[in-house]
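Chemist: Return atomic coordinates for the entry below.
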Amino acid sequence: MNPLVVEPAIDAAQVDQYLRKHVNSGYARLASLMNLPIEQSSRGVYIYDDQGRQYLDAGGYGVFFLGHGHPVVVEAVARQLQKNALASKLLLNPQQAFAAHALAAHCPGNLEYVFFCNSGAEATEAGLKLARLNGCRRTLSTLGGFHGKTLGALAVTGRESYREPFSGLLSDSDFVPFGDSVALELQLRASSQKACVILEPIQAEAGVVLPPPGYLRRVRELCNQYGAVLIIDEIQSGLGRTGYWWGCDHEQVVPDIMLVGKSLSGGCVPVSASATIYAPFNRNPTVHTSTFGANPLAMAAVQATLQVMVQEDLVARARLLGQDLHARFSALLQQRGWAERVELRSAGLLFGFEFADASIAANMVMALIEQRIIVCHSLNDHRVLRLTPSPLLSTEDCNWLLEGFAQALTTSMPSL
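Modeler: Numbers count the residues shown, from 1 in each chain. Reported below is the predicted structural model:
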């Protein structure tokens, strides 16, 4: 019989001191001002702080589609950890082959090659490099879009405040309004140079901005017409989040390059991928590499994640639960007289609540923490609070989410 293991109490003052001294003093000051609790452990759709208090995780920025520590994923990763955690990068890595096969089986159209990396920004970098190697000499992106903060990804991220401090280091990109296919066509027509078009099916970090019907299909048509390479960033919208395997499935669009991340990890091991037009990488396998990319631990997580998604029918569950939660949130806003002051946007289990100003959204984040509910803010629109819950929420969890949200709105919304 194993002895009971008691974890030592975490010294909050020491955590604050080390964050200020060794991590980021600005973040530490903000965390202190917000009186943020210390995250200790997680399991399923719950997070626990150092005082043992339980929180419902409706946040995580799209990572925890399977919740935390799904037993199938944990078992696969633990088994791989005992065998071979990191690859030599010289001998063949069978887990990379199996994971690529498993992911390609669920990709749209003829996307069959997979380049594995470690983060969404890295997937963007790989996609942009492939577009360049396929002859693209200019890049078109969308205002409000978010593709990461490494230099290549930042160059196509549509928020000036992030790009401006590094403007001398970034490659040139042209930006058009999201959802405006006419503006995109004007840009494509303006130059004879082959273009790369990169966009999200739904702009998550911009506050869950949905394009008009037919927009993605028209973008695909324009890329075909002008010989442009289409990169669709599914890092947040993919793998069931919107109630379909991929956000582009809503309009049966097949991109030339697709970026994947977030929930591909199964909530256990960071991993991302770029499913691609691959000929340049096939010709020269060393032109773009990653030391930790396709490591066996992450590959075990990918295979287990896809297995769970199929076996537990999580894509359909996300679609149905998303519809139910949207209806309940809409009814709540209407019944409480908030519908005119809070705009709700959603697709599957990706929700955005837009308030009149950023201060209300910030107050909501704090009020929801008091209700023991974890949510997301929006990097490209601070007025928007986002929810990215797991389809594994129970009826009781959904009630907790709705009731806690109602209480948070009561304390955060200014009086009429």
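Chemist: drop to CA atoms for contacts and neighbour counts, all remaining ones
Modeler: OK.
Chemist: So which bits of the lengthiest helix in the chain are buried?
Modeler: Ranked by residue count and defined by DSSP state H, the top helix of the chain is helix 314-335. By neighbour count on 16 or more other C-alpha atoms under 10 Å, the buried set for helix 314-335 is 314-323, 325-326, 329-330, 332-333.
Chemist: Ok, stretch 48-67 next?
Modeler: Buried residues in stretch 48-67 (16+ other C-alpha under 10 Å): 48, 50, 55-67.
Chemist: nearest residue to R372 other than its sequence neighbours?
Modeler: Y55 (4.5 Å; C-alpha to C-alpha, 6 or more residues apart in numbering).
Chemist: So what pairs up with that neighbour in the strands?
Modeler: For Y55, the beta-bridge partners under DSSP bridges are I47.
Chemist: now T276
Modeler: Beta-bridge partners, per DSSP bridges, of T276: Y113.
Chemist: For this structure, which segments count as helices?
Modeler: 12-18, 25-34, 71-83, 94-104, 120-133, 151-155, 160-163, 181-189, 215-226, 279-283, 296-311, 314-335, 358-370, 395-412.
Chemist: May I ask which of the buried residues of stretch 48-67 comes out lowest in pLDDT?
Modeler: Within the buried residues of stretch 48-67, pLDDT reaches its minimum at D50, with 92.
Chemist: tell me the contacts of it?
Modeler: A9, I10, P37, I38, E39, Q40 (C-alpha atoms under 8 Å, 6 or more residues apart in numbering).
Chemist: and the closest residue to A273 other than its chain neighbours, how many residues sit next to it?
Modeler: With C-alpha to C-alpha, 6+ apart as the criterion, A273 has its nearest non-adjacent residue at 4.4 Å, and that residue is F116. Number of residues near F116 (other C-alpha atoms under 10 Å) recorded here: 27.
Chemist: okay but V63 is in contact with V269, surely?
Modeler: No. Contact criterion C-alpha atoms under 8 Å: V63 and V269 do not qualify, at 10.4 Å.
Chemist: how much space between A153 and L320?
Modeler: As judged by C-alpha to C-alpha, to the nearest Å, A153 and L320 stand 33 Å apart.
Chemist: Can you give me the end-to-end span of stretch 42-57?
Modeler: Per C-alpha to C-alpha, stretch 42-57 runs 9 Å from first to last residue.
Chemist: Going forward, count from 278.
Modeler: Right, with 278 as the first residue, what we last looked at is stretch 319-334.
Chemist: doesn't Y338 make contact with G544?
Modeler: No. Contact criterion C-alpha under 8 Å: G544 and Y338 do not qualify, at 11.1 Å.
Chemist: helices or strands up against the lowest-mean-pLDDT helix or strand in the chain?
Modeler: Within the chain, no helix or strand scores below strand 549-553, which has a mean of 85 by mean pLDDT, DSSP states H and E. Under the contact definition 3 or more C-alpha pairs under 8 Å, 6 or more residues apart in numbering; DSSP states H and E, strand 549-553 sits against strand 390-394, helix 397-410, strand 534-537.
Chemist: Centroid-nearest residue for the protein?
Modeler: Q513 (2.9 Å; C-alpha atoms, centre = their mean).
Chemist: Not counting sequence-adjacent ones, nearest residue to it?
Modeler: Closest to Q513 by C-alpha to C-alpha, 6+ apart is G339, at 5.7 Å.
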